[in-house]
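Colleague: I need the structure of the sequence given here:
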Amino acid sequence: MPSFNLVNTGKVVFQLALVMLLCVTVQAQQYDIVIKGGSVIDPKNNINSVMDVAIHDGKIAAVSRNIDAGQARQVVNAKGMYVVPGLIDIHAHVFHGTEEDHAYSNGFWAVPPDGFTFRVGVTTVVDAGGAGWKSFPTFKKNIIDNSQTRVLSLLNIVGEGMRGGPHEQNTNDMDPKMAASVARRYRDFVVGFKVAHYSGPEWTPVDNAVKAGEMAGGIPVMIDFGGNNPPLSIRELFFDHLRPGDIFTHAFAQLGTREAIVDTKDNTVKQFVWDAQKRGIIFDVGYGGISFSYSQAIPALKSKFYPNTISTDLHIGSMNGSMKDMLSVMSKYHQMGMDIPSVIRASTWAPAQVIKREELGHLSVGAVADIAVLNIREGKFGFWDYTGHRVEGTKKFECEMTIRAGRIVYDLNGIASPVVLRRN
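Modeller: Below is the predicted model of the structure:
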């Protein structure tokens, strides 16, 4: 008769059972995260409906009416909330550093991104001109390479970047060839060029930035008109100097040194401004410290002139003034009459298109899983601008959760189960 080794047989049986258990576990955990029951708004894919979203290996794995929660390692209960692509703020200042008298270029006036992005649903932030072609390697090493937030750059046409004072007035440092060379070298991070704070009647900064944009492959230029007395013509800017796709930031500012888009005599949007937007000029909020005024924004929105993109101009001054953060700016635009899908579009898919990063800003299957789960707080809120004009609202966006590349990086109220953040 054959002999049996009962000990070895027991080991084989145990190993087979363990393999079967692991197979069942793997099958049951097909997804890393499933977000259940939220109102999904995905402008690119024309989705505005209650749906579930599944995430696996940092990507969107499924968007469907009913995804089995048992297949996920973590489940997020988003009932009554909005599930949207991660917000994209295309005008911020995150080249934070410790150099004295460097302003927004490795200086004290900028902010470190991770401390001010995830808590408001922002997963991608564009530094608007802090770094120039001379300082970009330092910006990449110190900020881009050490941030969980996706950090991109609108490279300043000034080689020194946004150091303030005479540096930003030096037309000899506005070299389109050098700027374009750096943009091409770092094409994964540089999405355009920035003109900022120049005070003078010359068009040299704008024209050199546009030249750089052409030399770097047709990437856009963002214009912050620093000011002149008398103000330079924005009609001339839109039609004689900029290209379709170029960005006019601080679009709703009313300052004496720059021309406004709304005629202050009759509170109507100037006809050539409508024509410029139809031509493809991008009107960006760029709220900032003193670069948004209700006297411009309210009549513009009443006439259905909406910003193409919503952004903050985040820095230590604006965040402690009337701007606050991305969700505060979005809340103001909703209060003024933009519906929620339009506000989400202007904060996600539209900016992704403007900076030519169309892999971002949507929830398509296979796309990177950058997601914001937003709530609407109801109450009595005061929205005000730097002039002291105040309006009241009853609704305000609040971030419940932020997911960056498939990982939960912010969970306000522990709506994930299990609630522990994954650190992989």
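Colleague: list the contacts for the residue nearest to Thr387 when sequence neighbours are not counted?
Modeller: Setting aside the residues directly before and after it, Thr387 is nearest to Ser293 in space (C-beta to C-beta, 6 or more residues apart in numbering), at 6.0 Å. C-beta coordinates here come from the backbone N, C-alpha and C atoms, glycine included. Counting by C-beta atoms under 8 Å, 6 or more residues apart in numbering, Ser293 makes contact with Phe252, Ala253, Gln254, Asp385, Tyr386, Thr387, His389.
Colleague: let's go with 7 Å and repeat that
Modeller: Phe252, Ala253, Gln254, Asp385, Thr387 (C-beta atoms under 7 Å, 6 or more residues apart in numbering).
Colleague: how about Ser331?
Modeller: Residues in contact with Ser331, defined by C-beta under 7 Å, 6+ apart, are Phe383, Gly393, Lys396, Phe397.
Colleague: bridged to the last one, which residues?
Modeller: Right, the one you point to is Phe397. Ile376 (DSSP bridges).
Colleague: what is the burial count for it?
Modeller: A total of 26 residues lie near Phe397 under the criterion other C-beta atoms under 10 Å.
Colleague: and the gap between it and Val122?
Modeller: From Phe397 across to Val122, the span is 12 Å (C-beta to C-beta, to the nearest Å).
Colleague: what about Val53, helix or strand, and which?
Modeller: strand 47-56 (DSSP states H and E).
Colleague: can you give me the mean pLDDT across that strand?
Modeller: Confidence over strand 47-56 (mean pLDDT, whole number) is 98.
Colleague: ok now it, how far from the chain's centre?
Modeller: Centre-to-centre, strand 47-56 and its host chain are 21 Å apart (C-alpha atoms, centre = their mean, to the nearest Å).
Colleague: quick check: what element follows that strand along the chain?
Modeller: Heading C-terminal from strand 47-56, the first helix or strand you meet, by DSSP H and E, is strand 59-64.
Colleague: re earlier: list buried residues within the contacts of Ser293.
Modeller: By neighbour count, with 16 or more other C-beta atoms under 10 Å, these hold Phe252, Ala253, Gln254, Asp385 as buried.
Colleague: what's the farthest-apart pair in the contacts of Ser293?
Modeller: The distance between the two most remote of the contacts of Ser293 (C-beta to C-beta) is 12.3 Å, for Phe252 and Thr387.
Colleague: out of the contacts of Ser331, which comes closest to Asn228?
Modeller: When the contacts of Ser331 are ranked by distance to Asn228 (C-beta to C-beta), Phe383 comes first, at 30.9 Å.
Colleague: how close does that closest one sit to Lys395?
Modeller: Distance from Phe383 to Lys395, by C-beta to C-beta: 11 Å.
Colleague: of the two, who's got more company?
Modeller: Between Phe383 and Lys395, Phe383 has the larger neighbour count (other C-beta under 10 Å), namely 20 against 14.
Colleague: chain center to stretch 173-191: distance?
Modeller: Chain-centre distance of stretch 173-191: 21 Å, with C-alpha atoms, centre = their mean.
Colleague: show me what counts as buried in it.
Modeller: Quick answer for stretch 173-191 (16+ other C-beta under 10 Å): 173-176, 178-180, 182-183, 186, 189-191.
Colleague: could you do stretch 314-324 as well?
Modeller: For stretch 314-324, a neighbour-count test (16+ other C-beta under 10 Å) marks Leu314, His315, Ser318, Met319, Gly321, Ser322, Met323, Lys324 as buried.
Colleague: could I get these as JSON lines with pLDDT, distance to Met162 and secondary structure?
Modeller: Listed next are these as JSON lines, based on pLDDT from 0 to 100; distance: C-beta to C-beta, whole Å; DSSP: H, G, I helix; E, B strand; the rest coil:
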{"residue": "Leu314", "pLDDT": "98", "distance to Met162": "13", "secondary structure": "strand"}
{"residue": "His315", "pLDDT": "98", "distance to Met162": "10", "secondary structure": "coil"}
{"residue": "Ser318", "pLDDT": "98", "distance to Met162": "14", "secondary structure": "helix"}
{"residue": "Met319", "pLDDT": "98", "distance to Met162": "17", "secondary structure": "helix"}
{"residue": "Gly321", "pLDDT": "97", "distance to Met162": "18", "secondary structure": "coil"}
{"residue": "Ser322", "pLDDT": "98", "distance to Met162": "22", "secondary structure": "coil"}
{"residue": "Met323", "pLDDT": "98", "distance to Met162": "18", "secondary structure": "coil"}
{"residue": "Lys324", "pLDDT": "98", "distance to Met162": "22", "secondary structure": "coil"}
